[in-house]
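Participant: For reference, the sequence and a predicted model appear below.
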Amino acid sequence: MSSILIIEDDKGIRNFVKEILIEKRYTVRDTDKGLKGLEIVEKIQPDLVILDLKLPDITGEEVCQRIKKMVPETIVIILTAKDSPSDIAQGLELGADDYISKPFTSEVLLARIKARLRGNSTNGSTLTIDDLTLNSKKFEVSRNGKKINLTPQEFKLLETLMMNKNTVLTRDVILSKVWKYSPDIESRVVDVYIGYLRSKIDKGFKKHLIKSIRGFGYVIKDE
């Protein structure tokens, strides 16, 4: 069963989340401190972290960044009272995989966790299109032999496009595959991240791999 770490300074919420996860037979660790959470992540490398942003020692934003730098494959779900569009955008930009606003229900939390864990499974294969290569086990991307650094969300988006090469994906499909269609995420975030990817994958290369299909969505072509 998957291992989950809860980093939450509110004892009531922490115990509530811990109880429902144990009931579903997840292996659970918890702490109310960000630095302690980072120690646990380094030691056990949990499959998923539930992270509050308001912590007593360091910010949840810093914890998120350090987790993704330390163990990129670890899923991070932010659980916080900060629910403005700018807060959500910032959390995702830091590398969080999902964002749940307080108050929340156990059903929503469990559904998000299940979806993220299912979507994070990988067979460790290497994907190649033209001179672009993605290694899903090592979280490495290169083009024409040059290493390209991507954020976790950019990596997931590129992986989704490459796994569906030559197939046009609508924004809704991309949202479903990459962001698990979180109701807090607007479709325009897809356009923003496609822009990020293009600046790293296509800029400076004569051949552009990521194509826009007007009125439909995006595709990466292997021609």
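Facilitator: Sure, I can see it. Since the model is a prediction, treat every value here as computed from it, not as a measurement.

Participant: can you give me the strands for the protein?
Facilitator: Listed in chain order, the strands found in the chain under DSSP state E are 3-7, 27-31, 48-51, 75-80, 98-101, 126-129, 132-135, 140-143, 146-148, 169-170, 210-213, 217-220.

Participant: Against which helices or strands is the fourth one packed?
Facilitator: Spelled out, that is strand 75-80. strand 48-51, helix 60-70, helix 85-93, strand 98-101, helix 106-119 (3 or more C-beta pairs under 8 Å, 6 or more residues apart in numbering; DSSP states H and E). Bear in mind the C-beta positions are built from the backbone N, C-alpha and C, glycine included.

Participant: before we move on, the earlier item: output the strands of the chain as CSV; include the columns distance to Glu107, mean pLDDT and mean neighbour count.
Facilitator: As requested, the strands of the chain are exported to CSV (distance: least, C-beta to C-beta, whole Å; pLDDT from 0 to 100; neighbours: other C-beta atoms under 10 Å):
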stretch, distance to Glu107, mean pLDDT, mean neighbour count
strand 3-7, 17, 94, 23
strand 27-31, 18, 93, 18
strand 48-51, 15, 95, 26
strand 75-80, 14, 89, 23
strand 98-101, 12, 85, 21
strand 126-129, 35, 87, 15
strand 132-135, 34, 92, 20
strand 140-143, 36, 93, 18
strand 146-148, 39, 93, 12
strand 169-170, 27, 86, 18
strand 210-213, 36, 92, 14
strand 217-220, 30, 91, 21
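
Participant: So which residue is smack in the middle of the protein?
Facilitator: Most central in the chain under C-alpha atoms, centre = their mean is Asp97, positioned 2.7 Å from the mean C-alpha point.

Participant: Would you check how far apart it and Ile50 are?
Facilitator: The spacing between Asp97 and Ile50, counted by C-beta to C-beta, to the nearest Å, is 11 Å.

Participant: gap between stretch 28-45 and the chain center?
Facilitator: Distance of stretch 28-45 from its chain centroid, counting by C-alpha atoms, centre = their mean, to the nearest Å, is 19 Å.

Participant: I am finished for the moment; much appreciated.
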